[in-house]
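*Asks:* Give me the fold of what follows.
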Amino acid sequence: MSKKCRVAVAQYDIGFFNHFDEFAAKLENWFQQAYQQNAELLVFPEYGSMELASLLGEAVYCDLHQQLYAMQNLYQDYQACYPELAKRYNTIVLASSFPVQLPDSTFRNRANLFGPEGLIGFQDKLMMTRFENEQWIITAGDEIKVFNTDIGKIGINICYDSEFPLFAQQQVSAGADLLLVPSCTDGWSGFHRVRIGCQARALENQCYVLHSPTIGNASWSPAVDCNTGKASIYTPVDRGFPNNGILAQLENDHAKWLSADIDLTELAHIRQQGQVLNHRDWHKQYHAKLAV
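*Replies:* As a prediction, this is how the structure comes out:
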């Protein structure tokens with residue numbers, strides 16, 4: 001029996017707001033558009049939440065560190081928007097990641113997954129970029145998670161995480177058939193690093209990978225001033241799937257949803273009967289020993 005699902009991946013622009021209600025209206029508009037496309041799973045990008053820093057005044061949003069502390073006052077309202085909309089539109093949604101301050105005063109780049117019943121769980125970014133480590137002082141998480149949903153089991157690789165195969169492999173070994181990759185990259189080289197990582201993860205694990213980037217320029221923000229990428233949905237490269245492993249990809253720089261139908265039962269089929277069996281054969285690579 002086929003288990004099909006319609007997914008929507010955001011190619012998301014960083015806005016500038018004078019009032020929180022403007023952000024809330026923007027977010028609801030995105031949900032409405034996805035609902036019109038019959039999407040059951042929505043994926044927003046990494047650090048899309050940083051547009052909220054525009055509400056804090058120029059002295060704060062121009063300062064990399066002040067903005068992190070000040071944004072904590074917006075987190076509760078920001079976080080409340082998503083489950084309300086997920087319930088209203090009966091969908092599962094990965095919210096744009098947010099720099100959350102922990103009780104020990106460190107910050108984590110956290111992506112929350114919501115369903116119609118509320119928070120399903122969160123994934124903290126596991127591998128930090130040089131910018132996060134050296135300039136922004138965002139701390140890495142240390143737990144790899146898999147989430148049970150009505151659609152299926154989901155893993156989240158936040159941007160740079162997608163370039164490290166053992167994260168995704170552990171999630172797929174734990175049952176994930178869908179990997180969600182929210183990203184925020186300032187140039188085409190960064191986007192392509194994530195893209196290549198996403199395609200490699202789809203190939204190795206014979207799974208779907210949904211890649212949502214930020215786009216556009218926000219010159220007022222030292223954190224997300226330049227944003228480059230294309231929303232994309234990647235697949236295994238095998239019978240019944242695209243020959244290049246790309247199910248869908250936006251080809252322009254407009255802020256919009258990329259939507260497509262995926263079939264999770266097809267993954268199980270090719271993992272058993274495919275031209276190649278990457279998922280099954282993963283462990284075999286450890287048998288060879290380096291000859292020196």
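
*Asks:* Quick one: residues contacting the nearest residue to residue 61 once chain neighbours are set aside.
*Replies:* Computed as Cβ to Cβ, 6 or more residues apart in numbering, the closest residue to residue 61 that is not its neighbour in sequence is residue 53, at 4.2 Å. C-beta here means a position set from N, CA and C on the backbone, and glycine is covered the same way. By Cβ atoms under 8 Å, 6 or more residues apart in numbering, the contact list for residue 53 reads 60-61, 67, 70-71, 221, 223.

*Asks:* Let's verify residue 53: helix, strand, or coil?
*Replies:* Secondary structure, DSSP: H, G, I helix; E, B strand; the rest coil: residue 53 is helix.

*Asks:* Could you pull out the helices in this protein for me?
*Replies:* Here the chain has its helices, by DSSP state H, at 20-36, 58-61, 64-88, 130, 165-173, 188-205, 264-273, 278-281.

*Asks:* And these: which comes nearest residue 248?
*Replies:* For residue 248, the closest of these is helix 188-205, at 12.9 Å, according to Cβ to Cβ.

*Asks:* Ok, which of the helices of the chain comes nearest residue 242?
*Replies:* Closest among those, using Cβ to Cβ: helix 188-205, at 10.6 Å.

*Asks:* how far does the closest one sit from the chain's center?
*Replies:* Here the centre of helix 188-205 is set off from its chain's centre by 13 Å, with Cα atoms, centre = their mean, to the nearest Å.

*Asks:* Could you tell me the angle between that helix and helix 264-273?
*Replies:* 60 degrees (axes from the mean of the first three to the mean of the last three Cα atoms, to 10 degrees).

*Asks:* List of residues touching helix 188-205?
*Replies:* Taking Cβ under 8 Å, 6+ apart as the rule, helix 188-205 contacts 157, 159-160, 162-165, 168-169, 172, 179, 181, 183, 185, 207-209, 211, 213, 228-230, 232, 234-237, 245-246, 278-279, 282.

*Asks:* Take those residues and keep only those in strands.
*Replies:* Among those, the ones falling in strands (DSSP state E) are 179, 181, 183, 208-209, 211, 213, 232, 234, 246.

*Asks:* Spell out for me the ChimeraX command that would select the buried members of the residues you listed.
*Replies:* Selecting only the buried members of the ones in strands among the contacts of helix 188-205 in ChimeraX, with burial defined as 16 or more other Cβ atoms under 10 Å, works like this:
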select :179,181,183,208,209,211,213,232,234,246
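
*Asks:* can you put the ones in strands among the contacts of helix 188-205 in TSV and add pLDDT?
*Replies:* As requested, these are exported to TSV (pLDDT from 0 to 100):
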residue	pLDDT
179	98
181	98
183	98
208	98
209	98
211	98
213	98
232	98
234	98
246	98
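
*Asks:* Can you give me the neighbour number for the residue lying closest to residue 43 once chain neighbours are set aside?
*Replies:* Nearest non-adjacent residue to residue 43, counting by Cβ to Cβ, 6+ apart: residue 212, 4.4 Å away. Residue 212 has 28 neighbours, counted by other Cβ atoms under 10 Å.

*Asks:* Alright, calling it a day.
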